[in-house]
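Enquirer: kindly generate the corresponding structure for this input.
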Amino acid sequence: MGYLNFVLHAHLPFVRHPEHARFLEEDWFFEAITETYIPLLQVFESLERDGLPFKITMSITPPLCEMLADELLQTRYVNHINRLRELAEKECTRTKDDEKFCYLAAMYRNLFEECHRIFTKYQRNLLNGFRKFQKLGNLEIITCGATHGFLPNLRQAPKSVEAQLAVAVSNYQKHFGQDPWGIWLGECGYYPGLDKHIRAAGLRYFFVDTHGILQGNPPSPKGNYAPILTPHGTYAFARDQESSKAVWSAEEGYPGDFRYREFYRDIGYDLDLNYIGPYIHPMGLRINTGIKYYRITGKGNHKEPYVEAWAQQATEEHSENFVFNRDKQAEWLSGRLDTRACIVCPYDAELFGHWWYEGPQFLGAVMRRVLAGNHQVELSTPRDYILRHGDAPKSDPAFSSWGAGGYGDVWLNGTNDWIYPHLHKIGELMHEVAKRPEAGDQDKRARNQMARELLLAQASDWAFIMKTGTMVDYAVKRTRVHVHNCLELYRQIRSGNIYEPFLQNLESTNNLFKEIDYRVYA
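Expert: Below you'll find the predicted structure:
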């Protein structure tokens, strides 16, 4: 009676600092590999071993693709996981006289050993693993804006919007050897008319938040349980709020269960500095190691030790409840739609494993239950839906995002509004440069690098961080540095006097999108 479409949005901003031996923000990437990307591949491998034809969609954003394929970051991840392997061994010794904690230390030792094994198995590039499951037909990989730009806030600079899409498509082609069918718009941000640019980039579908379709023009008669066909011929799928809340909300959803692991208690903060010092930041900054021995327990500060068997039991109960509710949802909708309901469940991939430690196991358990049969929903992807049901109600989606409030104030408010005059100005300068006659290879390299710097400045992550108040200094610095680099490259290009050491340094540091062609801005 219905299709169940899991969509995992895997994204991190491009953080790569070869000028430092250890850089704090690079740990975002290493943590995501250990806690999310490898565990997801483990779930996929388990389903494949058991001959289960699972279906799932993932957006792997261009910055994340570039980092996963980067040799420097690959080497640094090996160093990172080796430190954790060493720490876990020390923890097994330290806790040997405490049965509960010794068991948990061994659990983490096994986890880190398995991460090292899988990372090595895929030749240090996890894209090899995700490509494998795409080729098998289990995984539909889609793209995202080149640097996850929040396109509604760039719409007064159409060339910037077009470039975010064009560069994304060419980067996807480089990494996956084919054209992408769909795109996850950065922050799920859509504005009326964007579908024209999406279609021009060769993309066939995208996603909006629930009210993007419910408040579309005209509203779809099938609500958000079937895609719509936009004025320029692309399909728009909307998020299902009910299934999202069950997984997303720490207050009302499954992740808040007292049996699950507590995210905020980590031995990087708990243990003596002399002991833990070699495994946190070299400057002595307390950071997460990933070794967390406690469960949520309750709302207070008191926490009890984590019990793996209890968490596994909770995962089974919650996966059963999730599938039961989707079955009932599909049954109810079947009497009101003349097609099978399309239930779209999009989540940040990093929720699974990083924030919610048991999330990958929950996801695997849900897919196993559905594939066992006797259910009203079947696993599907947006591409499968389009191929089966070409017709869709025609509508123009409304402005929307999946940020707080559903619109754009997360990325445009008093904490971050100062960035947009700069982004629009350097976008205009890039357009101007792209139209000028080219003056040799060095000039071309400078223009390509200016395009990279512009795209990096446009990443929605910086505005988001400024709003949330975490690592604000870093976000401000990144914005200012990329704007400065654009302005300096523009000056050198205009003068015809390009300073080679400056250009080489930018090319080696901000080295993403080697395939870029600045003429996307022409």
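
Enquirer: pretty sure Gly139 is touching Met58, no?
Expert: Slight slip there: residue 139 is Leu, not Gly. Yes. The criterion here is Cβ atoms under 8 Å, and Leu139 meets it with Met58 at 6.2 Å. C-beta: built from backbone N, CA, C; applies to glycine.

Enquirer: common neighbours of those two, please.
Expert: Shared contacts of Leu139 and Met58, defined by Cβ atoms under 8 Å, 6 or more residues apart in numbering, are found at Phe130.

Enquirer: so how far is the top helix by length along the chain off the chain centroid?
Expert: Longest helix in the chain, counting residues (DSSP state H): helix 308-334. Distance, stretch centre to chain centre, for helix 308-334: 24 Å (Cα atoms, centre = their mean, to the nearest Å).

Enquirer: how far off helix 308-334 does the helix or strand just after it point, in degrees?
Expert: Later in the chain than helix 308-334, the nearest helix or strand by DSSP states H and E is strand 341-348. Orientation of strand 341-348 against helix 308-334 (axes from the mean of the first three to the mean of the last three Cα atoms, to 10 degrees) gives an angle of 140 degrees.

Enquirer: list the buried ones in strand 341-348?
Expert: Under the neighbour-count criterion of 16 or more other Cβ atoms under 10 Å, strand 341-348 has Ala341, Cys342, Ile343, Val344, Cys345, Pro346, Tyr347 buried.

Enquirer: quick one: strands adjacent to it?
Expert: strand 2-10 (parallel) (DSSP bridges).

Enquirer: which helices and strands sit right next to the helix or strand just after the partner strand?
Expert: Remark: after strand 2-10, the chain's next helix or strand is helix 27-32, criterion DSSP H and E. In terms of contacts (3 or more Cβ pairs under 8 Å, 6 or more residues apart in numbering; DSSP states H and E), helix 27-32 is packed against helix 71-94.

Enquirer: what sits up against the helix it packs on?
Expert: 16, 18, 26-27, 29-30, 33-34, 67, 102, 105-106, 108-109, 111-113, 115-116, 119, 124-125, 267, 275, 278-279, 289-291.

Enquirer: and the closest residue to Pro397 other than its chain neighbours, how far from Ser395?
Expert: Closest residue to Pro397 apart from its sequence neighbours, by Cβ to Cβ, 6 or more residues apart in numbering: Gly212 at 4.4 Å. As for Gly212, its distance to Ser395 is 10 Å (criterion: Cβ to Cβ, to the nearest Å).

Enquirer: what's the answer for Thr93, then?
Expert: 62 Å.

Enquirer: okay, these two: which has more neighbours?
Expert: Ser395 (22 against 9; other Cβ atoms under 10 Å).

Enquirer: does the closest residue to Tyr293 other than its chain neighbours belong to a helix, a strand or coil?
Expert: Spatially, and ignoring its direct neighbours in sequence, Tyr293 is nearest to Leu104 (5.2 Å; Cβ to Cβ, 6+ apart). Following DSSP: H, G, I helix; E, B strand; the rest coil, we place Leu104 in the helix state.

Enquirer: Leu104 reaches Val307, doesn't it?
Expert: No. Between Leu104 and Val307 there is no contact under Cβ under 8 Å: 9.2 Å.

Enquirer: those two: who's more crowded?
Expert: A side-by-side neighbour count of Leu104 and Val307, using other Cβ under 10 Å, places Leu104 first with 23 against 15.

Enquirer: got the contact list for that one?
Expert: Applying Cβ under 8 Å, 6+ apart, the residues near Leu104 are Thr95, Tyr293, Pro305, Tyr306, Glu308.

Enquirer: and the second one, how far from Val307?
Expert: As judged by Cβ to Cβ, Tyr293 and Val307 stand 11 Å apart.

Enquirer: name the helix or strand for Pro437, please.
Expert: Using DSSP H and E, Pro437 falls outside every helix and strand.

Enquirer: next, the contact list for it, please.
Expert: Contacts of Pro437 (Cβ under 8 Å, 6+ apart): none.

Enquirer: just use 55 as the starting number from now, easier for me
Expert: Got it, first residue is 55 now, which makes that one Pro491.

Enquirer: and it, what's its pLDDT?
Expert: At Pro491, the model reports a pLDDT of 95.

Enquirer: check Ala426 too.
Expert: Looking at Ala426, the pLDDT reads 95.

Enquirer: what about it, neighbour count?
Expert: There are 10 residues near Ala426, going by other Cβ under 10 Å.

Enquirer: enumerate every residue touching it.
Expert: Contacts of Ala426 by Cβ under 8 Å, 6+ apart: none found.

Enquirer: could you redo the last one with a cut-off of 10 Å?
Expert: Leu106, Val377 (Cβ atoms under 10 Å, 6 or more residues apart in numbering).

Enquirer: now it: how far from Leu58?
Expert: Distance from Ala426 to Leu58, by Cβ to Cβ: 13 Å.

Enquirer: what residues are shared contacts of these two?
Expert: With Cβ under 10 Å, 6+ apart as the test, Ala426 and Leu58 both reach Val377.

Enquirer: re earlier: shared neighbours of Tyr347 and Val361, which are they?
Expert: Contacts common to Tyr347 and Val361, judged by Cβ under 10 Å, 6+ apart, are Lys154, Tyr157, Leu158, Arg315.

Enquirer: thanks again, I'm all set now.
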